[in-house]
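> coordinates for the following, if possible.
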Amino acid sequence: MKTKMVFRSIVLCMSLGLMSGCGNNENDASGDGGLTLEVFNIKTETAEQMDNLVKSFEESHPDIKINMTTVGGGTDATAAMQSKFSSGDEPDIFMLGGLADTQTWEHKLYDLSDTDLAKNAIEGTLEGATLNDIHYGVPMNIEGYGWLINKDIFEEANIDSSTLDTYEGLKTAVEALDQKKEELGLSGVFGFSGGETWVDSQFSSNFFAPEFNDSLGETYEATELKLTYAETMKNYLDLAIKYNAQPLESMDYSTSVEELFAGGKVAIIHQGNWIVPTLNSLDESFSKEKLSIVPMTVESEGESKIVAGPAWFWGVNKDKDQEVIDASIEFLTWMYTDEEAMDAIINDFEFIPAYTNFSSDAITDPLSKEIYTYLSDGRTVPWVHNSYPDGYGQNVFGVNLQAYAANQLSWSDFTDVLKTSWAEERK
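The predicted structure is shown next:
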């Protein structure tokens, strides 16, 4: 089933329906008669923006304090969150990365189906955190990813970037850039951060999604992986391995995005619109003038697509006192309905909002607008890698992709491992 993403062009009035009665709690008492909510956030690239948003909330809600813990980047956020739960220091609000995470934490999640946020989420955006028709999470935002390019480099090399939406077009352009590498001051054509298994896992979605009819639910329930589009995946992956600036299997996020791509040393990376705040912090003109996204052709000629949809969902801990649950919902509702907060979501976070009370006209970031156009035109596949067996995306696909890129594993062995591990996990 294809996710239908349609923004309303007029901001709708929406009742906050905020809950009251927050008081002291043994685990959440702030010490001054109010509450302190523990929030676990893994979006490290917007940590500063989130901290600023929290300050604004606390100014208008003096009885509620927010303790924002942000873990991610080079740290295993999943392990860090599991450690919090194991130690008894459970967060009140935490993030879910799709159906696999939702199932893992279902026993801790509050039913958000009757909240204003769930009711006003854009059609299709709740699927990644819904089990048995219960909405356990509400979307943080919509994100899209694929090949991100530096348009200036292609223009300098006299290459039409509109030809990159097929494998043959991309291959021809990459080979031409490689020939002019010294002239253009490039360290390589690609800066694919294959050393990050989460990036590798994301790469798989373009090739796995069509096998499961672009459905998160079908992916989540599938007991067999056929790798219908393995040959196409190999073509794209081999191209990136051959022309990467450094060994693909060991390149990290910071080197790829902050050093090479932002520095004009590579022309192509595999990332999404979440890197815009990082690019803006390094060069404000980059995302506005140089950045664009290129789709991949997987199913058939003329059907080039990117991956887009909600990547992360906010969940609320159901085992907390009701006053803490109410305050948690109040904070999340404020984030996406308060006028000042909505402005920050669009302009500071550079998010594509997942709620109907935002106007699509308010999106100012060029890459986000581009992704929105792909969504509107139906040229997207969903984040199916978040619906794989638990840990499969990083620990099976990612780790074995690294081994293949390092010539430690043949393609045949790589695909065999992917199929076998999937079947074993889904028994």
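> list the buried ones in stretch 290-309?
290-299, 304-309 (16 or more other Cβ atoms under 10 Å). From N, CA and C alone the C-beta is placed, and that goes for glycine too.
> actually stretch 172-184, not the one I wrote
Going by 16+ other Cβ under 10 Å, stretch 172-184 has these buried residues: 173-174, 177-178, 180-181, 184.
> ok so, going back, closest to residue 214 out of the buried residues of stretch 290-309?
Nearest to residue 214 among the buried residues of stretch 290-309: residue 305, at 9.0 Å, using Cβ to Cβ.
> pretty sure the closest one is in a strand, no?
Yes: under DSSP: H, G, I helix; E, B strand; the rest coil, residue 305 sits within a strand.
> give the bridge partners for it, please.
residue 296 (DSSP bridges).
> give me every residue that touches residue 289.
With contact set as Cβ atoms under 8 Å, 6 or more residues apart in numbering, residue 289 has these partners: 151-152.
> so it: helix, strand or coil?
Once three-state DSSP is applied, residue 289 turns out helix.
> how far away is it from residue 415?
Separation of residue 289 from residue 415 (Cβ to Cβ, to the nearest Å) stands at 40 Å.
> same check, this time on residue 44
Counting by Cβ to Cβ, the separation of residue 44 from residue 415 is 33 Å.
> what number of residues lie near the closest residue to residue 127 other than its chain neighbours?
Nearest non-adjacent residue to residue 127, counting by Cβ to Cβ, 6 or more residues apart in numbering: residue 216, 5.1 Å away. When neighbours are counted by other Cβ atoms under 10 Å, residue 216 registers 25.
> ok, residue 216 - contacts?
Contacts of residue 216 (Cβ under 8 Å, 6+ apart): 98-99, 127-128, 382-384, 386-387.
> now it. Its backbone dihedrals?
phi -60, psi -40 (degrees, to the nearest 10).
> next one: phi and psi at the spatially closest residue to residue 126 that is not a sequence neighbour?
Of all residues not flanking residue 126 in the chain, residue 135 sits nearest, at 5.1 Å (Cβ to Cβ, 6+ apart). For residue 135, the backbone dihedrals (degrees, to the nearest 10) come out as phi -90, psi 100.
> residue numbering should commence at 53 henceforth.
All right, first residue 53 from here; so that's residue 187.
> wait, residue 473 touches residue 448, no?
Yes: with contact defined as Cβ atoms under 8 Å, residue 473 counts as touching residue 448 (4.6 Å).
> mind listing the helices for the stretch 53-202 of the chain?
Per DSSP state H, counting those that start in this stretch, the stretch 53-202 of the chain carries helices over the ranges 99-112, 129-139, 151-156, 168-171.
> and these, which one is worst for confidence?
Least confident of the helices of the stretch 53-202 of the chain, judged by mean pLDDT, is helix 129-139 with a mean of 84.
> quick one: buried residues of it?
129-130, 133, 136-137.
> list the contacts for residue 364?
Residues near residue 364 by Cβ under 8 Å, 6+ apart: 94-95, 147-149, 191-193.
> in strands, which of those appear?
Mapping the contacts of residue 364 onto strands (DSSP state E) picks out 147-148, 191.
> pick out whichever of the residues you listed sits closest to residue 307.
residue 147 (25.7 Å).
> report the beta-bridge partners for that closest one.
residue 366.
> got a pLDDT number for residue 398?
Reported pLDDT for residue 398: 92.
> element containing it?
Counting by DSSP states H and E, the element that carries residue 398 is helix 391-399.
> can you name every helix or strand that that helix contacts?
When contacts are defined as 3 or more Cβ pairs under 8 Å, 6 or more residues apart in numbering; DSSP states H and E, helix 391-399 packs onto helix 99-112, helix 374-389.
> tell me the most buried of those?
Of all the helices and strands packed on helix 391-399, helix 374-389 has the most neighbours on average by mean count of other Cβ atoms under 10 Å, namely a mean of 22.
> just want the angle from that helix to helix 391-399.
60 degrees (axes from the mean of the first three to the mean of the last three Cα atoms, to 10 degrees).
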